[in-house]
Structures are given as C-alpha cells and as structure tokens.
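Chemist: Generate coordinates for the sequence data below:
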Amino acid sequence: MRSKIIIGTMIFSWIAFLNAFAQERRLEGEVSVTGVAPKIEGGKAKFNEYRDIRDGAYVEIETRYHADQYYLDFRAQDIGYKTQRYGIEGGKWGSFKYHFDYDEIPHNFTYGAKSFYTGVGGAKLTFPTQPPSKDINTWTTFDYSIERKNYGGGFKLDMLKPFYFDASVNREERKGLYPVGAAGTSSGGIAIELPAPINYMTDNLKLEAGYIQNPFFFSLGYFYSTFRNDNSQLDFRNPANGSTAATTDIFTLPPNNTYYRLDLKGGVKLPFRSKFNLDLASSSTQSDVNLLSSYVALGGRNFINLSSPVFNGKVDTQSYNFMLTSNPFRPLDAKLFYKYYERRNKSNSITTTDGPNTFSNPLFDYRNQKYGAELGFKLPASFNLTAAYTHARIERRDRDNIPTNTDDTYGADLRWSGLDFMVAKVGYERLQRKGDFGQPADPNLLEHYVRRYDVASRDRNTYKAIVDFFPIENLNFSLGYKYKDTNYNETILGLQSDKRSEFTMDGDYLIAKRVRLFAYFDFAYVKLDQFQRTVTSANNPPSPLPADPGNPPTITPAPQSLQAFNWKVTQTETNYGYGLGADLYILPQKLTLKLQHNWTKSDGYADYTYFRAFNPAIIPTDAGRTQDNIDISNWGKYETRFYMARLTYNLTKTLSFAGGYVYEKFIADDAQYNGYNYTIGGNFLTGAYTNPSYEANIAFLSAAYRF
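Modeler: Down below sits the predicted model:
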C-alpha cells in the first residue's frame with residue numbers, strides 16, 4: 001500500500017508541475033508497450049533470479065518537460081511487475097533540483113522448496129510428530145525468495161553559490177525467506193536446513209554542505225543509517241531431541257543496529273598544475289543484543305553462565321586520505337598519496353562458563369596505513385611509461401594467530417602508439433607480503449601448523465599485455481592477456497599457490513553502413529594447490545608424512561593428541577565464453593534485424609591425493625575408496641546458451657514496431673547438488689538451490705511512440 005501511495009504522489013507531482021508555469025513549454029518523450037509470452041521448463045527461480053518475466057505487457061514511459069528555466073523528467077518501467085521502477089527529477093537550472101525514486105527487484109532462490117516444519121514464514125517452526133516424517137509429500141511447500149523495495153528522494157540547493165546544500169533520504173525493505181543451516185547436535189551431528197524469515201528495514205539520511213570557488217573546494221557530510229529486523233531470532237523444534245518445550249532451539253538472526261559517518265572533504269589547486277585533496281572521516285556502528293543463556297544438545301537443554309546478559313556491540317573507525325597530483329612540466333605526471341584506516345572494537349567482552357570450560361570473545365582491532373607514488377613519463381618514439389610503488393602495513397591487535405602484515409607493491413606500465421592503426425600496452429606488478437606467525441609454545445595446538453592464506457607471506461607476480469588494432473575506418477579489434485602467479489612461501493598448512501590466466505578478444509566491423517558485425521571471446525584458467533592435515537581421534541595410529549607429497553613444505557608430524565592424515569588437492573577451474581552478433585540495416589533508418597548469440601561454460605575439477613593407505617579396518621568408511629574415485633570431476637560446472645533475433649520497423653519518425661524471439665538455456669552439473677535428497681541419514685534439507693537448470697523460449701512484440 002505504501003508503495004502505491006508513493007507512486008501516486010510522484011505522478012501527481014509530475015502532472016501538477018506541467019501546469020505550474022505559464023512560460024513556453026516543450027514536452028517530449030516515449031511510451032512503449034512490450035508483450036511477452038515465455039515458455040519456461042525447469043528451474044523457473046533460476047531463470048527469474050533477478051527479474052520478473054512472465055506472460056503480460058510491459059509498459060515503459062519516459063518524458064522530458066522543459067519550461068524556460070525549469071525542467072522535469074519522469075520515467076516508469078515494468079509498471080505492475082516485481083521489477084517496476086519510477087523516478088522524477090526536476091528543478092530550476094543553476095538554482096535547485098530534486099528527485100523522487102522508487103524501485104523493486106526480486107531475488108529468487110528456489111521455487112517449490114519443502115520442509116517438515118509447520119509455521120514456515122514465521123519466527124517459530126515446529127512439527128507434529130517425533131521423529132519428523134520423512135515422507136516429503138506431507139511436507140510444507142514454499143518459495144525461497146526475497147523482494148526488495150527501495151524508495152526515497154532528495155533536494156540540492158545551488159542558488160547560494162559558491163555554497164551548496166544537498167540532502168536525501170531513502171528506505172529499503174526486504175521481505176521473504178532465505179535458507180540457513182543449523183547443527184542439530186554438536187559437531188559431526190545432524191544438519192538441519194531452516195527457512196529463515198527476512199523482514200528487514202533500513203532507513204538512510206544523507207546531508208552534505210559545501211563550498212566551491214576556484215581554487216578551493218570543501219564539503220562536510222553526514223550519513224546516518226538504522227537497520228531494523230522484526231525477527232531477531234528463529235525458534236525451531238530440534239528433531240535431534242525429544243518433543244518437550246525445553247528442547248526448542250534458537251537460531252539468531254541479524255540484530256537491530258545504527259550507523260553514522262561524518263566526513264570532511266577538501267581540495268585546493270596549487271602552482272605547477274598541481275592539486276591537493278583530503279578526505280577525513282569518522283564513523284561508528286552500535287547494536288545491543290540479549291544473549292542466550294542456554295543451548296540445546298543431546299538429552300536436553302544445557303545452561304551456561306555469562307558475565308553479562310547483554311552484548312553491547314560498538315565499532316568505531318577513522319580514516320584519513322591525502323593525495324597530491326602534479327604536472328609540473330608536460331612530460332611528467334606525478335601522484336603521491338597516504339591513507340590511514342583504524343578500526344577500534346569497543347564492544348564488551350563476554351566471559352562464558354560452560355561446565356569446566358571458560359572462554360571469552362576476542363575483540364578484533366586493526367590499523368592499516370598505506371602510502372605510495374605514481375609517476376608518468378612521456379618518452380620519445382611515442383612511448384609512455386607509468387611506474388608505481390605502494391607500501392602498506394596492517395597491524396592487528398589481540399589476535400595472536402594473525403600477524404602484522406607489510407606489503408610492498410611495485411608496478412610499471414608501458415604504452416606505445418607509434419603506428420596510426422595500433423596501440424600496444426604491457427604491464428608488470430609484483431607484490432611482496434610479509435607476515436610473521438611465530439610458533440606457539442604448545443605443539444598440541446592446531447595453530448602450530450595452520451597458516452591463514454589471506455594474511456600469510458606471499459609473492460605475487462602479475463603480467464599483462466593488450467593490443468588494440470584499427471586498421472581501417474570501420475574495423476577495430478583488441479587482444480588481451482593477463483597472468484597472475486601467487487606463491488605462499490611460508491604456508492605450512494593451507495593454500496600453497498594460486499595461478500590464474502586470462503585471455504580476451506573482441507572486435508566489431510561496419511560493412512558499407514549496412515551490416516555491423518561484432519564478436520568477443522573470453523578464456524580464464526585458475527589453478528589452486530593446497531596441503532592439509534585432517535585432525536582425527538588420538539586413538540588412530542600416527543600417520544607418517546609422505547616422503548614427497550608433490551613437494552609440499554616439510555613439517556614435523558603432529559603429536560599423538562593431534563593425529564592427522566595428510567592430503568593435498570589441486571583444484572582447477574576453466575571458464576570459456578564467446579559472443580557473436582550482427583546488426584543488419586535492411587532498409588536504413590527503417591528496417592533493422594539484430595541477431596545475437598552468447599555462450600559460456602565453467603568446468604571445475606578437484607584432484608585429491610590422500611597420503612596414507614586406505615584401510616577399512618582403521619576407518620570403515622574407507623571401504624571402496626581409491627585415489628581416483630575421491631576426485632571431484634564436476635566442481636561448480638555449468639553452461640549457458642543464449643540466442644536472440646529482433647526485427648525493428650520504424651513506420652514513421654514517431655511510431656515504431658519490433659518483434660522477436662529469445663532462447664535461453666542453463667545447464668548445471670555440480671557435485672554439491674547432483675543426486676540431491678531431502679533426507680540423508682538424520683539430516684533434513686529443504687531443496688534450496690536444487691534443480692536450477694532451465695530452458696526458456698520467449699516471444700515478444702512491442703510498439704513505441706515518440707513525441
């Protein structure tokens with residue numbers, strides 16, 4: 001109802017504006033209506049993941065109204081559909097302007113999901129019998145889908161030059177169902193997929209005042225945001241336990257919070273074609289949450305002691321950015337910069353006592369400082385050289401297992417334009433990251449062996465080359481290649497290397513002003529290598545390290561309390577894509593035929609190697625496993641196909657018609673979802689993200705009137 005009121009207000013404002021001025025007026029625009037008739041087989045949710053294509057007529061309106069010093073623009077798209085958009089922008093040239101906007105967009109995950117729970121869509125899930133029925137024909141059917149609505153407006157005042165003022169507000173609403181996973185018992189127990197209700201509302205206020213007068217610019221900005229979730233927790237009956245109320249479990253959902261940011265920006269022009277800019281900002285986010293004093297485990301509810309029943313969350317950040325750019329003489333461009341960012345966690349630390357175990361939540365603070373320079377040189381023989389250096393230092397506090405990092409990045413790009421029909425560019429960048437993990441004194445700790453790859457020491461080399469050709473007036477094409485090689489030299493366990501290659505090619509050609517051809521081809525290849533130890537029971541015999549497991553780093557065998565089996569995996573991912581198209585101007589400015597075809601494919605493979613003898617006597621689940629059948633041959637595998645033919649006929653300068661046909665096909669072949677089952681042992685799933693493959697045939701016919 002609220003959205004209809006806003007849309008009506010926007011249209012009424014537009015109509016009222018048309019009669020507000022007696023000056024000479026000019027109204028122009030376009031109205032189009034498109035009839036769509038789709039036939040979809042398979043995963044309709046995937047087909048309409050971020051859109052709303054169904055049988056019906058789609059109306060689009062765009063108008064531009066000018067009355068001497070005043071103007072007003074109005075637009076409306078997909079009226080009445082879940083992707084509808086409306087907007088009004090108007091004002092007086094050089095004095096003020098305003099805008100109102102409203103838009104919707106869906107995010108569809110799965111249609112026809114199923115759950116043994118009743119109460120789906122609310123914040124309390126239950127089931128009538130214990131254990132729950134495994135007959136999915138008796139389960140509740142629903143859709144995993146979220147609808148987002150966003151509306152707001154703003155006003156900017158320019159008439160007090162050199163001062164200006166800008167204000168805007170907007171609200172975003174999200175409603176629907178989203179799949180979340182919960183553990184029915186402790187680690188290694190059953191898994192439950194829950195339909196969590198989404199009922200979010202975010203309100204934003206933005207204010208900015210500034211001064212623009214050569215050579216100065218300054219602005220002061222304020223941003224305030226509130227987030228509200230009507231459901232702070234999801235109560236669900238746990239099928240791993242009995243039927244008493246004491247075993248009702250709780251899944252926590254995002255809490256209400258507030259955020260503000262205050263920033264000061266400025267700039268001044270200096271001699272020697274130089275300019276200095278600054279950006280200073282301070283922000284804070286807060287959220288208070290009532291903590292749970294118990295949890296559900298096998299046998300009933302376990303109670304815990306907390307040092308405080310309420311978690312007062314607060315995080316403050318500060319950032320300072322400074323930049324100096326200069327062009328003191330024509331062959332030289334220079335840029336110097338310094339950036340500072342600090343995050344301070346001022347939340348309260350909660351001490352939890354669970355029987356003999358006591359632990360506290362760590363508060364994560366860090367500081368990031370970065371400075372660097374970039375120099376550009378115009379050289380003889382049509383060469384241009386750009387060289388850059390950046391140094392960064394990230395300091396983390398109260399995180400013993402995550403080190404301080406220092407990054408040094410060097411780069412250079414060389415561009416040559418010595419020929420009239422070609423421009424060539426090559427580039428190189430090297431990143432050197434250092435991170436000192438140290439060694440925990442107790443070798444029984446897993447941290448003695450683990451190295452988080454995102455903060456581990458690494459060397460990364462990046463090479464790139466691009467060549468643009470335009471040999472004749474109406475022909476141009478380009479070739480590009482990029483190679484990135486990352487090595488984690490000091491990583492003991494985890495990611496060892498990351499290698500990526502990318503190749504691109506595209507071009508277009510206009511023949512005799514009657515036929516335009518265009519095409520592109522993309523190729524990407526990723527190879528990741530990692531080495532791990534699987535921690536198992538201390539009752540299992542030790543697993544000796546292999547003499548040469550693909551040359552992983554040498555590590556000391558884990559103590560008896562951390563018996564582990566060593567394994568490595570080489571994961572590869574190959575992505576292809578190409579597109580072909582043509583615009584045929586059969587009757588210039590009258591009749592045009594557009595043809596287009598796109599194809600993409602992603603193919604992943606995980607090659608596992610397990611460094612011990614498969615022995616069912618030790619681990620029964622090893623029965624039938626070999627080094628070959630533990631590999632995953634369809635890791636994130638999918639393919640898309642797209643064909644389109646569109647014929648447009650301009651009957652007059654104001655009236656045109658178009659019709660055509662679209663074919664889409666999406667084929668998913670992912671090991672995570674192939675052979676999907678709603679119940680696996682004691683696990684209960686809902687069908688989220690399953691069966692996404694689809695085939696769609698779409699016919700459309702449209703008419704447009706321009707005035």
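
Chemist: any idea how far residue 650 is from residue 57?
Modeler: Plainly put, residue 650 is 21 Å away from residue 57 if you go by C-beta to C-beta, to the nearest Å. All C-beta spots, glycine's among them, are computed from the backbone N, C-alpha and C.

Chemist: Of these two, which one has the most company?
Modeler: residue 650 (17 against 13; other C-beta atoms under 10 Å).

Chemist: ok, the residue nearest to the more buried one when sequence neighbours are not counted - contacts?
Modeler: Spatially, and ignoring its direct neighbours in sequence, residue 650 is nearest to residue 656 (4.5 Å; C-beta to C-beta, 6 or more residues apart in numbering). Going by C-beta atoms under 8 Å, 6 or more residues apart in numbering, residue 656 touches 648-650, 703-704, 706.

Chemist: Present those as a markdown table; the columns should include secondary structure, pLDDT and distance to residue 136.
Modeler: Shown next, in a markdown table, are the contacts of residue 656 (DSSP: H, G, I helix; E, B strand; the rest coil; pLDDT from 0 to 100; distance: C-beta to C-beta, whole Å):
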| residue | secondary structure | pLDDT | distance to residue 136 |
| --- | --- | --- | --- |
| 648 | strand | 97 | 48 |
| 649 | strand | 97 | 51 |
| 650 | strand | 96 | 55 |
| 703 | strand | 97 | 47 |
| 704 | strand | 97 | 48 |
| 706 | strand | 95 | 54 |
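
Chemist: May I see those residues organised as TSV, with distance to residue 636 added?
Modeler: Converted to TSV, the contacts of residue 656 look like this (distance: C-beta to C-beta, whole Å):
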residue	distance to residue 636
648	38
649	43
650	45
703	42
704	41
706	46
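
Chemist: Out of the residues you listed, the closest to residue 292 would be?
Modeler: Distance to residue 292 across those (C-beta to C-beta) is lowest for residue 704, with 58.2 Å.

Chemist: how far away is the closest residue to the closest one other than its chain neighbours from residue 66?
Modeler: Leaving aside its chain neighbours, residue 704 sits nearest to residue 32 (3.8 Å; criterion: C-beta to C-beta, 6+ apart). Note on residue 32: its distance to residue 66, by C-beta to C-beta, is 22 Å.

Chemist: Also residue 148?
Modeler: On the measure of C-beta to C-beta, residue 148 and residue 66 end up 33 Å apart.

Chemist: How about residue 159?
Modeler: Applying C-beta to C-beta to residue 159 and residue 66 gives a distance of 19 Å.

Chemist: Which elements pack onto the helix or strand hosting residue 333?
Modeler: For residue 333, the host element (DSSP states H and E) is strand 332-345. For strand 332-345, the packing partners by 3 or more C-beta pairs under 8 Å, 6 or more residues apart in numbering; DSSP states H and E come out as strand 310-329, strand 365-379.

Chemist: Can you add mean neighbour count and give those strands back as JSON lines?
Modeler: Formatted as JSON lines, the helices and strands packed on strand 332-345 follow (neighbours: other C-beta atoms under 10 Å):
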{"stretch": "strand 310-329", "mean neighbour count": "15"}
{"stretch": "strand 365-379", "mean neighbour count": "16"}
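
Chemist: quick one on the thing from earlier: quick one: mean pLDDT over the helix or strand containing the residue nearest to residue 650.
Modeler: Secondary structure here is read from DSSP H and E; on that basis residue 656 sits in strand 655-669. The predicted model assigns strand 655-669 a mean pLDDT of 97.

Chemist: Note down every partner strand of it and its orientation.
Modeler: Paired with strand 655-669 in the same sheet, following DSSP bridges, are strand 637-650 (antiparallel), strand 694-706 (antiparallel).

Chemist: would CSV of the ones you listed with distance to residue 510 be doable?
Modeler: Below are the strands paired with strand 655-669 laid out as CSV (distance: least, C-beta to C-beta, whole Å):
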stretch, distance to residue 510
strand 637-650, 18
strand 694-706, 25
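
Chemist: just so I know, which of those lies nearest residue 283?
Modeler: strand 637-650 (39.3 Å).

Chemist: can you list contacts of stretch 368-385?
Modeler: 330-342, 386-395, 409, 412-418.

Chemist: Span of stretch 345-361 from start to end?
Modeler: 12 Å (C-alpha to C-alpha, to the nearest Å).

Chemist: Go ahead and measure how far it is from the middle of the chain.
Modeler: Stretch 345-361 sits 32 Å away from the centroid of its parent chain (C-alpha atoms, centre = their mean, to the nearest Å).

Chemist: Go through that stretch and flag the buried ones.
Modeler: Across stretch 345-361, burial judged by 16 or more other C-beta atoms under 10 Å covers 345, 347, 350.

Chemist: Now do it, average pLDDT.
Modeler: 91.

Chemist: How about stretch 91-110?
Modeler: In this model, stretch 91-110 has an average pLDDT of 96.

Chemist: Using CSV, write out the CA atom coordinates for that stretch.
Modeler: Extracted C-alpha coordinates of stretch 91-110, given in CSV (Å, rounded to 0.1, in the frame of the first residue of the first chain):
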residue,chain,number,x,y,z
GLY,A,91,14.2,21.8,-10.7
LYS,A,92,15.4,25.1,-11.9
TRP,A,93,18.7,25.3,-13.9
GLY,A,94,21.5,26.6,-11.7
SER,A,95,19.3,27.1,-8.6
PHE,A,96,17.9,23.8,-7.3
LYS,A,97,16.9,20.3,-8.2
TYR,A,98,15.0,17.5,-6.6
HIS,A,99,14.3,13.8,-7.3
PHE,A,100,12.0,11.0,-6.1
ASP,A,101,12.7,7.4,-6.9
TYR,A,102,11.0,4.0,-6.3
ASP,A,103,12.2,0.6,-7.5
GLU,A,104,11.7,-3.1,-6.8
ILE,A,105,13.9,-6.1,-7.5
PRO,A,106,13.4,-9.7,-6.6
HIS,A,107,16.0,-12.3,-5.6
ASN,A,108,14.6,-15.8,-6.3
PHE,A,109,16.5,-18.8,-5.0
THR,A,110,14.2,-21.8,-5.2
